[in-house]
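K.L.:
For reference, the sequence and a predicted model appear below.
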Amino acid sequence: MTTPASTPAARTIVRGACPHDCPDTCALEVTVSDGRVIKVAGASDHPPTAGVLCTKVAFYPERIYHRDRLLYPLRRVGAKGPGVSFERISWDEALATIAERFHRIAAEDGAEAIVPYSYAGNSGLLGYGSMDRRFFHRLGAAQLDRTICSTAGAMGYRATIGGSIGFDAENVVDSRLIILWGTNSVVSNLHFWRLAQEAKRRGARLIAIDPCRTATADKCDQHIALLPGTDSALTLGLMHVLIRDALVDHDYIARHTLGFDALSERARQYSPARVAAICGISEAEVENLAHDYGTTRPAAIRTNYGINRTAGGGMALRTVACLPALIGAWRHPAGGVLLSTSGNYPVATAALERPDLMPSPAPRTINMSTIGGDLLQAQPPIKALFVYNSNPVAIAPQSAEVVRGFAREDLFTVVHDLFQTDTADYADIVLPAPSHMEQLDIHKSYGHLFVQVNRPAIDPLGEALPNTELFRRLARRMGFTEACFADSDDDLCRQAFDWDDPRLSGLSWEQLKADGHARLNLPRGAAPFADGGFPTPSGKCEFYSQSLAREGLDPLPDFIAPREWRQSPLAAEFPLALITPPARNFLNTSFANSPRFLAQERSPAVHLHPADASARGIVDASPVRIFNRRGEFHARAVVTDRVRPGVAMATSIWWRKLSPDGRNCNQVTSQALTDMGGGATFYDCLVEVASA
Ligand SMILES: Nc1nc2c(c(=O)[nH]1)N[C@H]1C(S)=C(S)[C@@H](COP(=O)(O)OP(=O)(O)OC[C@H]3O[C@@H](n4cnc5c(=O)[nH]c(N)nc54)[C@H](O)[C@@H]3O)O[C@H]1N2
Ligand SMILES: Nc1nc2c(c(=O)[nH]1)N[C@H]1C(S)=C(S)[C@@H](COP(=O)(O)OP(=O)(O)OC[C@H]3O[C@@H](n4cnc5c(=O)[nH]c(N)nc54)[C@H](O)[C@@H]3O)O[C@H]1N2
Ligand code: SF4
Ligand SMILES: [Mo]
């Protein structure tokens, strides 16, 4: 019997990996029929995914076949900005135009006047940074410091326990106490939440520490609603009580930590009364949390980047990372702390990115979190910007400056994306990118311990080209003849990891390609630091950090106040602390142009406590403006006791041009940087709210 093409027999299932900037890195099963993706499901044989996807990716065919997908290269014909016009050109013409401009700028201004701007819109190892990095290194372009999300917390955490490492999330089902610290897992780390729920069924207590009663906090046994940016004060208060009441593990401290006496001295200054006043919570909350944490084993802290977006963001993660060593929580596989698992992977970064191609001395570095100011003021001036994997006009802080910078007529801007984003509206040349289902990639994760393959399920739509192929072709156009520019995507995947590393023992690229995914060769059910062995300079958990001291930073944990909070003079004029965490149906600005998800999120909203709303005569569902000296944006008021008094919460990140007032929350956020790592301080932002 013959099988007509339209019967299910003509369907194939292709194994993929989710490339979005999300800790879960799900393994996907993509159903293809007649060259079209018709269904996307979570792989059930991949333990972290367990057959479940978030809604965003479960509806992925809508993103792939969205009617606004960019399919051809475009050249701008009108003025830059919203409403701009473009005309279709060929790839040949697009690449020739870019190469000509780059050659001219390099000759006249130096290649450092050209700046790449990218982040994790595609988090695959190839898509995130491989051929593109080689290209910009060889060109001698400015380097980009990719600080927009995690560098502050990562640096504070690394200084304490040695890297982006922690307990294995799979073990958390056996925890008796789980603290979800500044993370809305239900929204942004769904598969961890599944494990935490399992722990709860087995009797664990869950505590959320968050200024808002989020979907996650709602389902926890307890919620501590502290003020944004005060986490390190709370942590020092916990240390104070733990030490005062002899709830610490002296044996673990003596053998596996550095600087306990100095830390005790510091913690002594943070009495529960002082901490309660700083954090805007009660003394009893500090005392009780310390006692719960000090007396329950195993105790796990799942934290994330929500607490690294204020002035003391580095210190916040550093103080939290000290806690498990203090009570010996690391003795148990289901105890300790987890920020990110990405430090477990033997990524061959130098082989992928080839920093050796850079000229000497190395070109200048531009911090992506201050792109607005840098486009207006950097010396020597920025003459060209190549944006990919990111949407800076919508996501970078202090939009007024960002927009002014991007609007510069003398700035040559290229944007490579799947969609005509707010940023693409300022491009001279727009280039079409494929979705991950149209390209090959290899993945690590920052939430679990698997390596994964993403196989292309379909051909690229229109004339879309992956990041790798775009920069391969552009390199050829520029006349770069190094052999590395001829590497295929398959070659790049093979180069992406150090396959000889014991953590990958027995695995090869060929094997991984055949199997789809593999767990790093780390013992299951193990407690990684039960016997110390932290990858710090001393091999211990460093309460006292010589490396921070060398950088002129406080070697001990301390509370660094937000730049803008209720104790700053600015609070007289702008009394509310605005935080702008992710919306459930958006992933940064990705998916925020989907009709389905826009309908679910309705319209930009700002959540206010009833006391704060009534003091301003604001009623639920009424239009309001949120403003400070940097600017203003408009939203619909949601009056709810889910946010604590003194805090305003606006879920993010809306496209500017899809918002009623053509702006978004980054109109009011600041370009000031964190204490460590040069990170952005999105949640360090005082505002006032008024009826519009
Ligand atoms: N659905 C969805 N998932 C996402 C994303 C998304 O946009 N949408 N973004 C992805 C990205 S890029 C990242 S970096 C991760 C982020 O993942 P997380 O860091 O877990 O971020 P959120 O889910 O926003 O959780 C942060 C929580 O911190 C709270 N918060 C804000 N300020 C403070 C503070 O000072 N202290 C404390 N204790 N809490 C605070 C917020 O109210 C929010 O509930 O999520 C990823 N996953
Ligand atoms: N106010 C406020 N601002 C924030 C945050 C916040 O919480 N509040 N969060 C911050 C954080 S944590 C982050 S990580 C940043 C995220 O900011 P961005 O990294 O800019 O993330 P997205 O807005 O999702 O933009 C990613 C873009 O990459 C495109 N893309 C996807 N795949 C590919 C590909 O293969 N090739 C190319 N060329 N393009 C591709 C997508 O279509 C999308 O337009 O935003 C930051 N901004
Ligand atoms: S966005 Fe996160 S939860 Fe959703 S499919 Fe991708 S990795 Fe999984
Ligand atoms: Mo992020």
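P.N.:
Yep, that arrived. Numbering: from 1, shown residues only. Ligands and ions are numbered 1, 2, ... in the order given.
K.L.:
How about stretch 284-291 and ligand 1, any contact?
P.N.:
No: using Cβ under 6 Å from any ligand atom, stretch 284-291 never reaches ligand 1; the gap is at least 12.4 Å. The way it works is simple: take the backbone N, C-alpha and C, and place the C-beta from them, glycine included.
K.L.:
pLDDT of that stretch, averaged?
P.N.:
Averaging pLDDT along stretch 284-291 gives 98.
K.L.:
Any idea how far it is from the middle of the chain?
P.N.:
Stretch 284-291 sits 31 Å away from the centroid of its parent chain (Cα atoms, centre = their mean, to the nearest Å).
K.L.:
how about low-confidence regions in the stretch 151-300 of the chain?
P.N.:
For the stretch 151-300 of the chain, no stretch is flagged by pLDDT under 70.
K.L.:
ranges for the strands of it?
P.N.:
Under the criterion DSSP state E, counting those that start in this stretch, the stretch 151-300 of the chain contains strands at 177-181, 205-209, 222-224, 257-258, 299-303.
K.L.:
Next: the stretch 451-600 of the chain.
P.N.:
Going by DSSP E, counting those that start in this stretch, the stretch 451-600 of the chain shows strands at 517-519, 541-542, 576-579.
K.L.:
Can you spell out which helices and strands pack onto the first one?
P.N.:
Helices and strands touching strand 517-519, as assessed by 3 or more Cβ pairs under 8 Å, 6 or more residues apart in numbering; DSSP states H and E, comprise strand 450-454.
K.L.:
picking that back up, deepest-packed of the strands of the stretch 451-600 of the chain, please.
P.N.:
Ranked by mean neighbour count under mean count of other Cβ atoms under 10 Å, the strands of the stretch 451-600 of the chain are led by strand 541-542, which reaches a mean of 27.
K.L.:
just to revisit the earlier point, TSV please, covering the strands of the stretch 151-300 of the chain and showing distance to ligand 3.
P.N.:
Formatted as TSV, those follow (distance: least, Cβ to the nearest ligand atom, whole Å):
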stretch	distance to ligand 3
strand 177-181	16
strand 205-209	19
strand 222-224	23
strand 257-258	35
strand 299-303	15
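K.L.:
how far does stretch 373-392 stretch from start to finish?
P.N.:
Terminal residues of stretch 373-392 are spaced 13 Å apart (Cα to Cα, to the nearest Å).
K.L.:
Make CSV out of the strands of the stretch 151-300 of the chain and add distance to residue 270 and mean neighbour count.
P.N.:
Conversion of these to CSV gives the following (distance: least, Cβ to Cβ, whole Å; neighbours: other Cβ atoms under 10 Å):
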stretch, distance to residue 270, mean neighbour count
strand 177-181, 17, 26
strand 205-209, 16, 23
strand 222-224, 16, 19
strand 257-258, 19, 22
strand 299-303, 18, 27
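K.L.:
Is it possible to get JSON lines of the ones you listed that adds distance to residue 81?
P.N.:
Below are the strands of the stretch 151-300 of the chain laid out as JSON lines (distance: least, Cβ to Cβ, whole Å):
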{"stretch": "strand 177-181", "distance to residue 81": "41"}
{"stretch": "strand 205-209", "distance to residue 81": "41"}
{"stretch": "strand 222-224", "distance to residue 81": "43"}
{"stretch": "strand 257-258", "distance to residue 81": "54"}
{"stretch": "strand 299-303", "distance to residue 81": "39"}
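K.L.:
So for ligand 2, which of these sits nearest?
P.N.:
Evaluated over those, closeness to ligand 2 peaks at strand 299-303, with 14.2 Å, by Cβ to the nearest ligand atom.
K.L.:
Tell me the helix or strand right after that closest one.
P.N.:
Downstream of strand 299-303, the first helix or strand assigned by DSSP states H and E is helix 313-327.
K.L.:
how about the strands of the stretch 451-600 of the chain, which one is nearest ligand 1?
P.N.:
strand 576-579 (4.4 Å).
K.L.:
and the closest one with ligand 1, contact?
P.N.:
Yes: contact of strand 576-579 with ligand 1 (Cβ under 6 Å from any ligand atom) involves residue 579.
K.L.:
is any part of that strand close to ligand 2?
P.N.:
No: Strand 576-579 is not in contact with ligand 2 by Cβ under 6 Å from any ligand atom; minimum separation 8.0 Å.
K.L.:
Quick one: list the elements packing against that strand.
P.N.:
With contacts defined as 3+ Cβ pairs under 8 Å, 6+ apart, strand 576-579 has these neighbours: strand 647-649, strand 686-691.
K.L.:
on that earlier part again, please name whichever of the strands of the stretch 151-300 of the chain is nearest to residue 680.
P.N.:
Nearest to residue 680, of all these, is strand 299-303, at 17.7 Å by Cβ to Cβ.
K.L.:
Would you map the helices across the stretch 151-300 of the chain?
P.N.:
Secondary structure of the stretch 151-300 of the chain (DSSP state H, counting those that start in this stretch): helices located at 151-161, 185-188, 190-201, 215-218, 231-244, 250-256, 260-268, 272-279, 283-295.
K.L.:
Dump the ones you listed to JSON lines, plus mean neighbour count.
P.N.:
Listed next are these as JSON lines, based on neighbours: other Cβ atoms under 10 Å:
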{"stretch": "helix 151-161", "mean neighbour count": "27"}
{"stretch": "helix 185-188", "mean neighbour count": "23"}
{"stretch": "helix 190-201", "mean neighbour count": "20"}
{"stretch": "helix 215-218", "mean neighbour count": "18"}
{"stretch": "helix 231-244", "mean neighbour count": "25"}
{"stretch": "helix 250-256", "mean neighbour count": "15"}
{"stretch": "helix 260-268", "mean neighbour count": "17"}
{"stretch": "helix 272-279", "mean neighbour count": "20"}
{"stretch": "helix 283-295", "mean neighbour count": "19"}
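K.L.:
Figure out which of those helices is closest to residue 650.
P.N.:
helix 185-188 (14.5 Å).
K.L.:
ok, and what's touching that closest one?
P.N.:
Applying Cβ atoms under 8 Å, 6 or more residues apart in numbering, the contact partners of helix 185-188 are 22-23, 192-193, 196, 214-216, 219, 302, 304, 581-584.
K.L.:
Out of those, which is nearest to residue 504?
P.N.:
residue 23 (20.7 Å).
K.L.:
wait, is the closest one part of a strand?
P.N.:
No: with DSSP: H, G, I helix; E, B strand; the rest coil as the criterion, residue 23 is coil rather than part of a strand.
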